[in-house]
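1. Here is my input; please provide its structure:
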Amino acid sequence: NLMKAQIWTIENCPFCIKAKKLMKLKGIEYEERQGFHPDWRSVPYITINGQAIGGFAELAAWCRKL
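-> Numbering: from 1, shown residues only. This is a model prediction of the structure:
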């Protein structure tokens, strides 16, 4: 069950760093993109297998259901 994620980040963003650590912990491979996603006003913005997840809080909630 390989999960592929994309994460939009900016430099020195604490929630971006936390999100990347959480995905590593959960074994979710990710591709990092610099900057803001056009549909989301803050960073990080995360999609997993093409599904919009949202920011760090939404990622944490999503991971709790795994």
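2. quick one, longest helix in the chain?
-> If each helix of the chain is counted by residues according to DSSP state H, the longest one is helix 14-25.
3. next helix or strand past that one?
-> Scanning forward in sequence from helix 14-25 by DSSP states H and E, the next helix or strand is strand 29-34.
4. May I see the buried residues of whatever helix or strand comes next after that next one?
-> Next along the chain after strand 29-34, taking DSSP H and E as the criterion, comes strand 45-48. Of the residues in strand 45-48, Tyr45, Ile46, Thr47, Ile48 count as buried by neighbour count, 16 or more other Cβ atoms under 10 Å. C-beta coordinates here come from the backbone N, C-alpha and C atoms, glycine included.
5. The closest residue to the second one other than its chain neighbours and Thr47, how far apart?
-> Right, the one you point to is Ile46. Excluding the flanking residues, the one nearest Ile46 by Cβ to Cβ, 6 or more residues apart in numbering is Ile53, at 4.4 Å. Per Cβ to Cβ, to the nearest Å, Ile53 is found 6 Å from Thr47.
6. now swap in Ile28 and tell me
-> Ile28 sits 11 Å away from Thr47, going by Cβ to Cβ.
7. The nearest residue to Lys18 once chain neighbours are set aside: what's it in contact with?
-> Leaving aside its sequence neighbours, Lys18 sits nearest to Phe56 (Cβ to Cβ, 6+ apart; 5.6 Å). By Cβ atoms under 8 Å, 6 or more residues apart in numbering, the contact list for Phe56 reads Phe15, Cys16, Lys18, Ala19, Leu22, Pro44, Ile46.
8. Quick check on these: which are buried?
-> The buried subset of these - by 16+ other Cβ under 10 Å - is Cys16, Ala19, Leu22, Pro44, Ile46.
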